[in-house]
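Trainee: Sequence and predicted structure are below.
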Amino acid sequence: MRIVALVLALYAPVPALALSCVAPSVERTYEFAQKSSAAYVVVHGKLTFNERKLPREGSTSQNPPKMTKIPATLSGRSLSKAGFSTPFKQGITLEVSCFGPWCGSGENGMDVLAFVKKGKGGYTLAIDPCGGEVFVNPEPVKLKKVKTCFKRGKC
């Protein structure tokens with residue numbers, strides 16, 4: 001009887017693995033950037049890059065790299081006390097992360113609200129399967145929230 005139970009258990013359907021993400025939040029991302037030792041610039045604009053360089057999501061037999069760096073351009077306006085008023089057009093590096101078989105993604109030319117890290121080597125933007133530091137097609141309410149956070153100095 002135990003052998004039959006063991007054989008049945010081996011052939012029982014295995015639950016599919018799923019990625020569980022905390023819902024992205026402009027406020028949480030703003031607080032993260034503010035508490036970081038790195039400098040961040042908040043930009044609303046258009047992100048352009050070669051989509052073919054994005055990592056392909058894997059399967060159980062093929063896992064994508066944990067990090068893929070892609071050259072990109074971000075054109076728009078950065079956040080100041082006056083709102084999104086300062087012109088911003090910079091070459092940046094997308095840091096696209098994969099968590100197991102799930103990878104960050106995007107489309108060339110997408111409208112973004114981006115928390116761009118400014119370092120000695122230039123600007124970087126983290127994108128992961130849960131969103132990262134970028135919000136695609138941000139609704140006016142998200143733009144308003146980040147402006148309020150900036151004016152107050154906290155969310």
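Mentor: In hand now; what should we look at?
Trainee: List the buried residues for the longest strand belonging to the chain?
Mentor: As assigned by DSSP state E, the longest strand anywhere in the chain is strand 83-99. Neighbour counts over strand 83-99 (16 or more other C-beta atoms under 10 Å) mark 84, 88, 90, 92-98 as buried. Every residue, glycine included, has its C-beta placed from N, CA and C.
Trainee: Mind putting those residues into TSV with pLDDT and distance to V43?
Mentor: Output for the buried residues of strand 83-99, formatted as TSV (pLDDT from 0 to 100; distance: C-beta to C-beta, whole Å):
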residue	pLDDT	distance to V43
F84	97	8
F88	98	5
Q90	97	9
I92	98	9
T93	98	14
L94	97	13
E95	97	16
V96	96	18
S97	94	20
C98	92	24
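Trainee: and the gap between E57 and V146?
Mentor: To V146, E57 is 29 Å away according to C-beta to C-beta, to the nearest Å.
Trainee: Compare these two and say which is more crowded by neighbours.
Mentor: Taking neighbours as other C-beta atoms under 10 Å, E57 and V146 compare with V146 leading, 23 against 16.
Trainee: Let me see the contact set for L125.
Mentor: Neighbour list for L125: 47, 72, 74, 92-95, 114-117, 132-134 [criterion: C-beta atoms under 8 Å, 6 or more residues apart in numbering].
Trainee: Run through the bridge partners of it.
Mentor: As for beta bridges, L125 partners with L94 under DSSP bridges.
Trainee: Pull the number of nearby residues for K145.
Mentor: 18.
Trainee: can you give me how far the helix or strand harbouring K142 is from the chain middle?
Mentor: K142 is part of helix 140-152, with elements assigned from DSSP states H and E. Distance of helix 140-152 from the chain centroid (C-alpha atoms, centre = their mean, to the nearest Å) equals 19 Å.
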